[in-house]
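Participant: Predicted coordinates and the sequence they were generated for:
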Amino acid sequence: MKIGILQTGHTAESLIDKHGDFDAMFHNLLAGKEFEFQTWNVVDGIFPPSPDAADGWLVTGSKHSAYEDLPWISELVNFLRETYAADRPIVGICFGHQIMALALGGTVERFDQGWSIGNQSYQMADGTDLSVVAWHQDQVTKLPQGAQATGGSPFCKNAFITYGNRAFTVQAHPEFSAEFGRDLSDYRRDALPPELIEAAKIAYDQPLSTATLAGQIAGFFRTRSI
């Protein structure tokens, strides 16, 4: 099965040699799941010819906000609407989570309680808890019609969203390792409150639900269910 990666951002230059770009992180996350990948750097204006160019689509994270007035974001919104209408499965992560909601009529806003960074615990609709690295300030504050929140936290209510069997999106970053999270925290140290950075670095010692999320993403692409 061919997965098209719609890359909406790049790893910081000082971190890329050690950790790879965002698409490489998804290669690692889904390694051994029998997928092949092709990346389109939509953040640089490079788009697929049509939704039929891949069997499923994955939208990465980004430093940008989904509501920014940028030509490539407008083009991505149109592509996601076409892909959704064509019934190709879509997985969105962080920015991908937000742009999917925006494309289908939801609302994305800068959250007035600030940033969520580091390992975060989310309560799922089936009663389980998942621990995932978060790194965001924007949130989906209103769901599109027909979408369902299937997991969240007191800080981020709509952290996991499903759109029937057509799309599955996650606000946090299952592709981020704890090591990358620590290095990203050091890289962004001067841009965020010190107490937030230090709390995040301590939380990185807690185990992550990486394997569970990798299985859910792979299962969604193959069977349209999680």
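Facilitator: Alright, I've got the coordinates. Numbers count the residues shown, from 1 in each chain.
Participant: Contacts for the lowest-mean-pLDDT helix or strand in the chain next, please.
Facilitator: Scoring the helices and strands of the chain by mean pLDDT, DSSP states H and E places helix 194-203 at the bottom, with a mean of 86. The contact list for helix 194-203 (CB atoms under 8 Å, 6 or more residues apart in numbering) reads G114, W115, I117, G118, N119, Q120, G181, R182, S185, R188, R189. Placement of C-beta: from N, CA and C, glycine included.
Participant: Show the buried residues in those residues.
Facilitator: Buried subset of the contacts of helix 194-203 (neighbour count, 16 or more other CB atoms under 10 Å): W115, I117, G118, N119, Q120, G181, R182, S185, R188.
Participant: Remind me what the helix or strand harbouring the third one packs against, helices and strands.
Facilitator: Following DSSP states H and E, one finds G118 within strand 116-124. Using 3 or more CB pairs under 8 Å, 6 or more residues apart in numbering; DSSP states H and E as the contact criterion, the secondary-structure elements in contact with strand 116-124 are strand 129-136, strand 148-152, helix 178-187, helix 194-203.
Participant: switch to 7 Å and redo it
Facilitator: strand 129-136, strand 148-152, helix 194-203 (3 or more CB pairs under 7 Å, 6 or more residues apart in numbering; DSSP states H and E).
Participant: Determine which stretch of those is the most buried.
Facilitator: strand 129-136 (a mean of 21; mean count of other CB atoms under 10 Å).
Participant: what's the average pLDDT for that strand?
Facilitator: The pLDDT scores in strand 129-136 average 96.
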